[in-house]
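Trainee: The sequence and its predicted three-dimensional model are supplied below.
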2 protein chains.
Amino acid sequence: MKLKCAWCLSCLFVASVVMANPIEDQIRIRQSTYAVMGWNTGKIKNQIVDHPETYHKDQIIAAANTLSALAHSNLLEELYGPGTDQGTGWKPTRLKADYFQKQDEVKEINTRLIKETDELKVVAETGDVAAIKSQFGKLGATCKSCHDLIRVRE
Amino acid sequence: MKLKCAWCLSCLFVASVVMANPIEDQIRIRQSTYAVMGWNTGKIKNQIVDHPETYHKDQIIAAANTLSALAHSNLLEELYGPGTDQGTGWKPTRLKADYFQKQDEVKEINTRLIKETDELKVVAETGDVAAIKSQFGKLGATCKSCHDLIRVRE
């Protein structure tokens, strides 16, 4: 019995380490992550779509690397824990209340986010602006599909 | 004269694109970037220093990749523009008022941040926990030197 209790405590301990961040922190980091993503997609839009005369290869590579690294950051597991459909990080969350009922679609979009950002990283390295623009369009569509699915409109 | 004016306007236009974000946005993205960095350094501290039994190689690689990509993101040029020593992003900035008088030291630390995060990325791939811990210590010292130099204590 003593051993069993020790084992349970150990499991609880590991679980608390894996999902260590309180709800408000998860929301705050989530909002920060998307602000950083927005900064980087904005940079790509500026330099590739709107003002190609300002294109700077290294900056676009860095932006693509950041987007890809963030997509690989275990977002769903670490920043969308139970209860994070309500609460305030930097500001009140915009996550829809039915987020937890849409897990199959969410996971499918997350897989696409990883795929499209990885591909963006590859084309950014080539410096082929037309290819970057095309891939950036695919990433944008992926972002939008998630916004439409789980984010309350402002 | 007409040509000269057109040239000036063109320069102004490019400058406004490069530093497009208003002061409050720069501060908000800056705070978000450091929140994301803190999330990732916290993950490494948890898994490598405090609870090595929770070590997950892919998560540490993703964390190191994120830190390195952000370090390469042109932070000083894009998020520390004139006037950003005052103002509110998600919250009032903690940048010290004499930040703009310390540019040599700031640039030196920024170069070190890039070097140490790049090296962390390399050791994360090896899966050598002792080497990751050692390199993480060097990164922590670099972070601290910047906090001490330019950030108001809370």
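Mentor: Noted; the coordinates are in hand.
Trainee: what does chain A put close to chain B?
Mentor: A:14, A:17-18, A:20-21, A:28-29, A:31-33, A:35-36, A:39-40, A:43, A:46, A:51, A:53-54, A:58-59, A:62-63, A:65-66, A:68-70, A:72-74, A:78, A:90-91 (Cβ under 8 Å from any Cβ of the partner chain). (Each C-beta comes from the backbone N, C-alpha and C, glycine too.)
Trainee: Now, of the residues you listed, which are buried?
Mentor: A:18, A:20-21, A:28-29, A:31-33, A:35-36, A:39-40, A:43, A:46, A:51, A:54, A:59, A:62-63, A:65-66, A:68-70, A:72-73, A:78, A:90 (16 or more other Cβ atoms under 10 Å in any protein chain shown).
Trainee: from memory A:R112 sits against A:G140, does it?
Mentor: No: at 11.9 Å, A:R112 does not count as touching A:G140 under the criterion of Cβ atoms under 8 Å.
Trainee: Quick check on these two: which one has the bigger neighbour count.
Mentor: A:R112 (18 against 15; other Cβ atoms under 10 Å in any protein chain shown).
Trainee: Spit out the contact partners of the more buried one.
Mentor: A:142, A:145 (Cβ atoms under 8 Å, 6 or more residues apart in numbering or on different chains).
Trainee: Please report the distance of it from A:K96.
Mentor: 19 Å (Cβ to Cβ, to the nearest Å).
Trainee: again, but for A:G127
Mentor: With Cβ to Cβ as the criterion, A:G127 and A:K96 are 39 Å apart.
Trainee: Same check on A:L79?
Mentor: Using Cβ to Cβ, we find A:L79 at a distance of 15 Å from A:K96.
Trainee: Helix, strand, or coil at A:T142?
Mentor: helix (DSSP: H, G, I helix; E, B strand; the rest coil).
Trainee: That one: what's it in contact with?
Mentor: Applying Cβ under 8 Å, 6+ apart, the residues contacting A:T142 are A:109, A:112-113, A:116.
Trainee: and which of the residues you listed is nearest B:A131?
Mentor: A:L113 (30.6 Å; Cβ to Cβ).
Trainee: I'd like to know how many residues surround the nearest residue to the closest one once chain neighbours are set aside.
Mentor: Leaving aside its sequence neighbours, A:L113 sits nearest to A:A71 (Cβ to Cβ, 6 or more residues apart in numbering or on different chains; 4.7 Å). As a burial measure, A:A71 scores 25 neighbours (other Cβ under 10 Å).
Trainee: any idea how far A:A71 lies from B:T84?
Mentor: When A:A71 is compared with B:T84 (using Cβ to Cβ), they lie 28 Å apart.
Trainee: likewise A:Q86?
Mentor: 33 Å.
Trainee: same check, this time on A:Q59
Mentor: A:Q59 sits at a distance of 19 Å from B:T84 (criterion: Cβ to Cβ).
Trainee: next one: phi and psi at the residue sitting nearest the centre point of chain A?
Mentor: The centroid of chain A falls nearest to A:A71 when counting by Cα atoms, centre = their mean (5.1 Å). Dihedral pair for A:A71: phi -60, psi -30, per degrees, to the nearest 10.
Trainee: what residues are up against it?
Mentor: Per Cβ under 8 Å, 6+ apart, neighbours of A:A71: A:110, A:113-114, A:117-118.
Trainee: let's go with 6 Å and repeat that
Mentor: A:113-114, A:117 (Cβ atoms under 6 Å, 6 or more residues apart in numbering or on different chains).
Trainee: Next: A:L149.
Mentor: Contacts of A:L149 (Cβ under 6 Å, 6+ apart): A:E105.
Trainee: What strand or helix carries it?
Mentor: helix A:129-150 (DSSP states H and E).
Trainee: Format the CA atom coordinates belonging to that helix as PDB.
Mentor: Extracted C-alpha coordinates of helix A:129-150, given in PDB (Å, rounded to 0.1, in the frame of the first residue of the first chain):
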ATOM      1  CA  VAL A 129      10.500  34.600 -54.100                       C
ATOM      2  CA  ALA A 130       7.700  33.200 -56.300                       C
ATOM      3  CA  ALA A 131       8.000  29.800 -54.500                       C
ATOM      4  CA  ILE A 132       8.100  31.500 -51.100                       C
ATOM      5  CA  LYS A 133       4.900  33.400 -52.000                       C
ATOM      6  CA  SER A 134       3.100  30.300 -53.200                       C
ATOM      7  CA  GLN A 135       4.100  28.400 -50.100                       C
ATOM      8  CA  PHE A 136       3.200  31.300 -47.900                       C
ATOM      9  CA  GLY A 137      -0.300  31.200 -49.400                       C
ATOM     10  CA  LYS A 138      -0.700  27.600 -48.300                       C
ATOM     11  CA  LEU A 139       0.400  28.500 -44.800                       C
ATOM     12  CA  GLY A 140      -2.100  31.400 -44.700                       C
ATOM     13  CA  ALA A 141      -4.900  29.100 -45.700                       C
ATOM     14  CA  THR A 142      -3.900  26.700 -42.900                       C
ATOM     15  CA  CYS A 143      -3.800  29.500 -40.400                       C
ATOM     16  CA  LYS A 144      -7.300  30.800 -41.500                       C
ATOM     17  CA  SER A 145      -8.800  27.300 -41.300                       C
ATOM     18  CA  CYS A 146      -7.800  27.200 -37.600                       C
ATOM     19  CA  HIS A 147      -9.000  30.700 -36.900                       C
ATOM     20  CA  ASP A 148     -12.300  29.900 -38.400                       C
ATOM     21  CA  LEU A 149     -12.600  26.700 -36.400                       C
ATOM     22  CA  ILE A 150     -11.500  27.700 -32.900                       C
END
